[in-house]
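Structure here, sequence nowhere to be found:
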Ligand code: ZN
Ligand code: ZN
């Protein structure tokens with residue numbers, strides 16, 4: 001039995017440490033905000049107001065700068081502040097199964113318990129471990145949905161996890177991946193714009209044509225924007241490449257494993273569809289940092305039709321499962337996340353039926369795969 005006094009001492013010892021860690025995690029974010037704040041002063045006040053003499057040039061610079069700044073800061077805010085989506089409770093074992101799972105150390109029996117839960121709950125699961133078992137997180141005590149990974153920094157399983165980014169103090173995942181790519185793109189555009197428009201004044205610095213007060217701000221403005229621009233171009237290009245391949249950063253290191261084995265392009269449906277998966281199907285909102293990604297972070301379209309009758313794939317697709325097709329075998333989802341109830345994700349009513357209906361043992365209706373997209377090759 002746990003000693004409550006001992007627990008309190010442990011908690012008291014951990015709490016200040018935990019607060020320190022939380023504060024430390026925000027240091028990179030404060031650094032980024034400080035650089036943005038300084039760049040605003042240097043560009044708007046020192047360059048545009050005090051140094052640029054032509055009023056037309058001044059106005060064009062200020063308007064374009066503020067448009068880019070708003071898009072850049074908005075994307076950054078969305079990336080940092082959008083919470084990760086939690087795994088629905090249907091991916092947790094029922095208490096009795098959990099107790100059996102914890103009680104045994106026999107891997108085979110544990111695998112059977114997981115398989116049975118997947119079957120009973122009709123979980124849409126295609127990714128497996130290398131040995132073909134259901135993926136399970138010991139720390140969160142739940143079955144991992146496809147493309148879900150445990151983040152050791154966040155301390156929880158994250159849907160379609162890409163990576164944990166210290167510069168935004170958040171996991172880059174299904175819920176904010178579009179924002180992250182836009183943030184990289186707008187940050188790059190912001191840096192390039194500042195570097196190009198300050199270049200002639202940077203050259204003026206070396207010719208001693210700039211007044212002393214503005215000299216060093218303009219010098220550093222050019223250097224810092226060029227330096228950030230160069231480092232951002234590689235990261236932005238890499239994520240554009242990943243978007244077009246429908247791959248996460250983690251999947252480039254560890255390809256997802258399907259019934260047929262590992263397949264690093266397993267979720268790729270062609271470049272345009274891959275792009276729409278992240279940016280949505282409304283072209284007017286593609287480049288705005290508002291959520292338009294398709295799907296729910298739990299089910300994903302796949303390159304190959306999943307098996308319907310193999311041992312552990314049997315739960316995947318109920319026969320005759322409907323899908324909306326765009327032609328050439330490419331199905332599209334019927335609704336985007338925005339159109340769904342919050343509840344639909346966090347505690348999907350369709351899956352809740354499993355638990356609610358669990359009293360009479362009825363499985364969930366096959367509607368669970370109604371919006372899966374497939375490419376049949
Ligand atoms: Zn976990
Ligand atoms: Zn994380």
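Good, I have the coordinates. Predicted model only: the values in this text are computed from it and were never measured. Ligands and ions are numbered 1, 2, ... in the order given.

quick one: low-confidence parts of this structure?
Applying pLDDT under 70 to the chain flags residues 1-16, 209-213, 305-377.

top helix in this structure by residue count?
Using DSSP state H to define each element, the chain has its longest helix at helix 212-245.

list the buried ones in the helix or strand harbouring residue 40?
Following DSSP states H and E, one finds residue 40 within helix 27-40. By 16 or more other C-beta atoms under 10 Å, the buried positions in helix 27-40 come out as 29, 32, 39. The C-beta positions use only the backbone N, C-alpha and C, and glycine is treated the same way.

how about the strands in the stretch 1-150 of the chain?
136-137, 142-143, 149-151 (DSSP state E, counting those that start in this stretch).

looking at the ones you listed, which is buried most?
Across the strands of the stretch 1-150 of the chain, averaging neighbours per residue (mean count of other C-beta atoms under 10 Å) puts strand 142-143 on top, at a mean of 22.

from the middle of its chain, how far away would that one be?
Centre-to-centre, strand 142-143 and its host chain are 19 Å apart (C-alpha atoms, centre = their mean, to the nearest Å).

And stretch 195-206, by the same measure?
Distance, centroid of stretch 195-206 to centroid of chain: 38 Å (C-alpha atoms, centre = their mean).

Show the contacting residues for the residue nearest to residue 279 when sequence neighbours are not counted.
Leaving out its chain neighbours, the residue that sits closest to residue 279 by C-beta to C-beta, 6 or more residues apart in numbering is residue 286, at 4.7 Å. Residue 286 is in contact with 279-280, 292, counting by C-beta atoms under 8 Å, 6 or more residues apart in numbering.

Go back to these and keep what's next to ligand 1.
Residues shared between the contacts of residue 286 and the neighbourhood of ligand 1: none [C-beta under 5 Å from the ion].

What is the nearest of these to residue 299?
Closest to residue 299 out of the contacts of residue 286 is residue 280 (16.5 Å), distances taken as C-beta to C-beta.

right, and the closest one touches residue 290 too?
No. Between residue 280 and residue 290 there is no contact under C-beta atoms under 8 Å: 9.0 Å.

Those two: which has the busier surroundings?
The residue with more neighbours, out of residue 280 and residue 290, is residue 280; 20 against 13, by other C-beta atoms under 10 Å.

Next one: the more buried one from ligand 2, what distance?
Per C-beta to the ion, to the nearest Å, residue 280 is found 24 Å from ligand 2.

how close does the nearest residue to that residue once chain neighbours are set aside get to ligand 1?
Here the nearest residue to residue 280 in space, its sequence neighbours aside, is residue 292; by C-beta to C-beta, 6+ apart that works out to 2.8 Å. Computed as C-beta to the ion, the residue 292 to ligand 1 distance reads 27 Å.

distance of residue 292 from ligand 2?
For residue 292, the distance to ligand 2 - C-beta to the ion - is 23 Å.

my guess is that residue meets residue 279, correct?
Yes. With contact defined as C-beta under 8 Å, residue 292 and residue 279 form a contacting pair (6.3 Å).

Common neighbours of those two, please.
178, 286.

contacts for stretch 72-84?
In contact with stretch 72-84 (C-beta under 8 Å, 6+ apart) are residues 29, 32, 36, 151, 154, 156, 158-159, 165, 168-173, 175-176, 179-180, 182-183, 185-187, 189-190, 289-291.

run the last query once more with 6 Å
158, 168, 170-171, 173, 175-176, 179-180, 182-183, 186-187, 190, 289 (C-beta atoms under 6 Å, 6 or more residues apart in numbering).

Select, from those residues, the two members most distant in space.
158 and 190 (28.0 Å).

more neighbours, these two?
Each of residue 158 and residue 190 has its neighbours counted (other C-beta under 10 Å); residue 158 has more, 27 against 23.

Return the residues in contact with that one.
Contacts of residue 158 (C-beta under 6 Å, 6+ apart): 84, 151, 171, 173.

Surely the third one is within a strand?
Yes. The assignment for residue 171 is a strand, going by DSSP: H, G, I helix; E, B strand; the rest coil.

Could you measure from it over to residue 160?
Between residue 171 and residue 160 the distance is 10 Å, computed by C-beta to C-beta, to the nearest Å.

Among the two, which residue is more densely surrounded?
For residue 171 versus residue 160, neighbours defined as other C-beta under 10 Å are more numerous around residue 160 (28 against 25).

That one against residue 174, yeah?
Yes. Contact criterion C-beta atoms under 6 Å: residue 160 and residue 174 qualify, at 3.6 Å.

Distance-wise, check the residue nearest to residue 248 when sequence neighbours are not counted relative to residue 29.
For residue 248, ignoring the flanking residues on the chain, the nearest one in space by C-beta to C-beta, 6+ apart is residue 162 at 4.4 Å. In this view, residue 162 and residue 29 are 18 Å apart by C-beta to C-beta.
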